[in-house]
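> pasting the sequence and the predicted coordinates here, then a few questions.
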Amino acid sequence: MAHRFLLPDIGEGLEEAEVVEWLVAVGDLVTRDQPLVEVLTDKASSELPSPVAGTVLRLGAAEGERIQVGEVLIEIDDGSDGSQDAPRPAKTPDTTEAHTTEAPAGSQLAAVPLRGRVKASPATRRLALEVGVDLTTLRGSGPGGRISTDDVRAAATPGELTATEPLKSVSRPPISPIHAELGQMKAGRHDLRGIRGVVARNMAQSWSQIPHIHTMDEVDASLLVDFRNRIRSMDRQGADTVTHLVVAAVAAARALRRFPMVNGHVEGDPADTIVIPDSVNLGIAVATQRGLMVPVVRDADGLDLFAMAQAITEAADRARADDLAATDLSGATFTITNYGSLGGRFATPIIPPGQGAILGLGSVAERPVAVGGAVVARPTLPVVLGADHRLIDGDLAEAFRQAVVDDLIEPLHLLVGD
Amino acid sequence: MLQAVNEALHLEMARDNRVVVLGQDVARNGGVFRATEGLFEKFGEDRVVDTPLSEGVIVGAAVGLAMSGLVPVAEIQFLGFSYQAMHQVAGQVARLRYRSQGRFEPAITIRSPFGGGVRTPELHSDSLEGQLANIPGLKVVMPATASDAKGLLSASIRDPDPVLFLEPLRGYRGIKGDVPDNEHLVPLGEARMARQGDDLVVIAWSYLVEVACRVSDALADEGLSVAVLDLRCLVPLDLAAIAAAVDHCGRVVVVEEASQTGGFAGEVVATIVEECFWSLEAPVVRVSGLDVPYPVGMVEDVFVPDEARITAAVRRTLETA
Amino acid sequence: MAQPSDDQLQAILGDMVGARVQAQRLWNLQRQGQVGTLAPIDGHEAAIAATAHALNPEQDWILPQYREPLALQRFGSEVLYRYLLYNIGHPAGSHLPPTVRVAPLQISLATQIPHAVGLAWGMTLQNQPGVVTVFFGDGSSSEGDFYEAGNLAGLLGVPVIFLCINNQWAISTPLHLQTAAETIAAKAAAFGMPGLTVDGNDAAAVYDAVDEARSRALAGQGPTLIEAVLYRLGAHTTADDPTRYVPAEELEAARRNDPIDRLRAHLVEQDLWDEETHADIEAEALARFDEAFDEARATPIAPDAVVDHCTTVDSQRLARQRSLLLGPEEAES
């Protein structure tokens, strides 16, 4: 096979050289270090010696031609199994600064749009995130329309919304690489493979085989937010991992026991079988650097609030760390997607193949709500249920969704038995 | 502070006979500021050496002394003249360990006074710590109190890495305080709260810590609670102390004697943005020297941050909504 | 005045011949893109090898500039391996083991001269016997560090041999544009130390001069400046084209004065050298070179090696930067 001698940078930043004279011809037998060619750079004329012994197979450029550093100068058959001579540069590590501050816990609440012309200090912004106030809805009382922390506190409805613990310095993990790489792809054609390919196939399959219906509503989340804040202030390990997603997961697991058909799915192409599983296994959609992953929390109906919180947190961590085995990703009977953590309100989630329904949660944010004939600002949570219409009709979908929503509106229902 | 420096030198030379002091006028004259007073008489001409007037070889020979296993403490008479030796400081002292991958231990301390307020001729007051901090491999230590001068100098001399120990000229006689007798060590890389406070923190080093404390005390009479954080060391920088102070107060003023552009205060502000962005209630303000070469005596006071300028910056920052 | 013995001259020629062929191989490697910019040793072999043989590797130090290592191998077999690591750009290239009294190469000219003075000074203070020999070129003799160091050395009376290799060229600057002094050795007067010129192509003469300077130094009589006059037969470095400025006739004349040819002729005449010996030495030198080069290329570099040994302990910042190098999964705040 051929040894390809690539034109090296012999002159401290050389980009190209001109071939002045070939000292060998195709077919010649050359020894190691034998001068092969004279090249001219902007600094000097140099003879380049052969790195190997062998027979000249091909000259990479003609006399008088210019050749770029890294291009093949000459090919020599040296009896080896092919190699290149240009020294490979050391793999440069990704030294983009990954240590930046991350918005504090609580950013599952309304993602405050920091673009646009909202003027507010960092401390004000953090408070707004924590109490779920949308800064773009406020008029600032500070100079130049700057929003102050007082403005934010005034906007938060007293009694139903309380800020979380006082600010304290916490160690801040680096921003997830998701943010840096989202939507990035070079122009051109790419193979659809890897996780992207898997997702593509699953989505296409679901979309074409399952007739979806979606039923949506936006529910008053005041009690839910209060419930969550009060749990957070408990001095108990894991209290801060009890999010509204966790509450919804517990509620869904209960509702799935109540309505086993929603836990089932249709099989066959064309469809010929209804499968109703024994256990309730919740798939939790997690956006990771490598794409969407759905780790599974098994026997979810047996988990109480804290156990569910722990299971979901572990699953999400492992998904982001790419630490999931195939078994972790299979066997879900129902899926929950918290698309609201990315800031959305309404969505029409796609049911994963092999399942019959999917619950979607939008973003918790202050929105107008009619109470006693007046419009007030309350935190609300959009909830959508997607269902396979071959299995589940509108009345069942509605009933199931309402069962989940009942627990979200008043989480204390979770303490009451079935 | 001067006595504190002298005490530390005496202690370290007595404790470790590898310590060698070298520089211009350090032996028989005891140093032009008397910082090395008494060392020559006590430890002899082998260990306390009057060198010729050559900053370059003072530092270059220190490298060789360190290569031979000794612990040189070199004096550059005024920090502005370190420019004459910078090729040895940055190209050699700072790199000896790295280049040799640990074969040689550059346990070198370079002491040098700097700083304004004493009407010196050109280049005697220049504040170059920003430039030195950007040289990887060097530690930059700047005591603000007499006690710290002793403790930090002892720690610097014992440190296996090269240390630039910068002493404020104004502080030699102007900074007084209790200094522990006998051995006193202040670890490198730990900042110190010079004043506690809740509303705002002034971050400073060297002589300006003293000035910032006066500002804090005066404002306390008005009911304003202004903390003062004395960095003590620029390299290594106490990131946790800065974060704790800024997270607590939310408002910051950073003061330095050096010219503003490229000065170390910029590094402190960048650190604050990285570590404590979400705690900030107002923009971070720097009070620095002007972007001109260190000026002559009659206009020196306009250059160096004083109580008035620092107070104004503090008030402005407190009033920002 | 000691003369090198026949054994010593043979050993010196062996080192010179080995250095020449190894240098040629190294040049070829540069042209093949395998090593970075380097300074060829052609023409300097006698001055350097003879010096090495006049010193005692067990107690004397050598502070090189950057052209010398191939002819300094008497000071340790590691010298070759480390020089090759240096040339491939490996961080361990300047880490010589504690038993090898050769300092790292210097790129910043003349900066090693004050180090030599300080090192000799420190050795004296600690009653460690030995001399420090510092190599530098004619160009370096114009740098401030040369004068400051020479001045201090004269004052302190330290055991230093200032060994100026005057190869007539500082890249393209000829000697007469470098200094108006009659000789570089003459500058010793300014330092209060003896200075002498010696024919740098005459291995025996260089040996004698260094040996005598060493004896003086060990006897406490202080430093000496030796100017070894020779001619740079090759380019300044692989990035230089000397045909642009070196007069061809001059180079030709210098080639006729090639130090290897001279010493070889002398030893052949004395029946102390023959073609077979020469060929054997060349072959052995190249074999050792190839082995060391392979070893150098196979020497691993840890992903975070670039941040090793800057300070004894990582600062917080550096520790963070180190963990970024080890992978985002290990990054910690």
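Looks like it arrived, so ask away. Worth saying up front: this structure is predicted, and the values here are computed from it rather than measured.

> just want the most central residue of chain B.
Centroid-nearest residue in chain B: residue B:142, 1.9 Å away (criterion: C-alpha atoms, centre = their mean).

> how far away is that residue from chain C?
Counting by C-beta to the nearest C-beta, to the nearest Å, the gap from residue B:142 to chain C is 16 Å. C-beta: built from backbone N, CA, C; applies to glycine.

> surely that residue touches residue B:235?
No. Using C-beta atoms under 8 Å as the test, residue B:142 is too far from residue B:235 to be in contact (10.1 Å).

> quick one: contacts for the residue nearest to the centre of chain B?
Residues in contact with residue B:142 (C-beta atoms under 8 Å, 6 or more residues apart in numbering or on different chains) are B:129, B:166, B:168, B:205, B:206, B:231, B:232, B:233, B:234.

> tell me which of the residues you listed is nearest to chain C?
Using C-beta to the nearest C-beta, residue B:233 is the member of those that lies nearest chain C, at 10.0 Å.

> before we move on, back to that, need the max-distance pair from the contacts of residue B:142.
For those, the maximum inter-member distance is 14.6 Å, found between B:168 and B:233 (C-beta to C-beta).

> residue B:247: neighbour count?
The local packing of residue B:247 (other C-beta atoms under 10 Å in any protein chain shown) involves 19 other residues.

> and the residue nearest to residue B:82 when sequence neighbours are not counted, how many neighbours does it have?
Distance criterion C-beta to C-beta, 6 or more residues apart in numbering or on different chains; nearest residue to residue B:82, sequence neighbours excluded, is residue B:76 at 4.9 Å. If you count neighbours by other C-beta under 10 Å, residue B:76 ends up with 24.

> equivalent analysis for residue A:393, please.
With other C-beta under 10 Å as criterion, residue A:393 counts 13.

> tell me which parts of chain C are close to chain A?
Residues of chain C found near chain A (C-beta under 8 Å from any C-beta of the partner chain) are C:24-25, C:28, C:30-34, C:37, C:88, C:238-241, C:243-244, C:301, C:303, C:320-321, C:324-325, C:327-329, C:331, C:333.

> what distance do you get for the residue in the stretch 151-300 of chain B that chain C sits nearest to to residue B:274?
Closest to chain C within the stretch 151-300 of chain B is residue B:236: 4.1 Å, counting by C-beta to the nearest C-beta. Separation of residue B:236 from residue B:274 (C-beta to C-beta, to the nearest Å) stands at 16 Å.

> ok, now residue C:53?
57 Å.

> looking at these two, which one has more neighbours?
Neighbours were tallied for residue C:53 and for residue B:274 using other C-beta under 10 Å; the higher tally belongs to residue C:53 (22 against 18).

> the more buried one reaches residue C:204, doesn't it?
No. Here residue C:53 lies out of contact with residue C:204, judged by C-beta under 8 Å, at a distance of 10.5 Å.

> got the phi and psi for the residue most central in space within chain C?
Closest to where the C-alpha atoms of chain C average out (C-alpha atoms, centre = their mean) is residue C:68, at 2.6 Å. Note on residue C:68: its backbone torsions stand at phi -90, psi -30 [degrees, to the nearest 10].

> tell me which helix or strand in chain B has the weakest average pLDDT.
Least confident helix or strand, chain B: helix B:300-303 with a mean of 88, by mean pLDDT, DSSP states H and E.

> contacts for it?
Helix B:300-303 is contacted by residues B:116, B:117, B:119, B:125, B:289, B:290, B:292, B:294, B:295 when judged by C-beta under 8 Å, 6+ apart.
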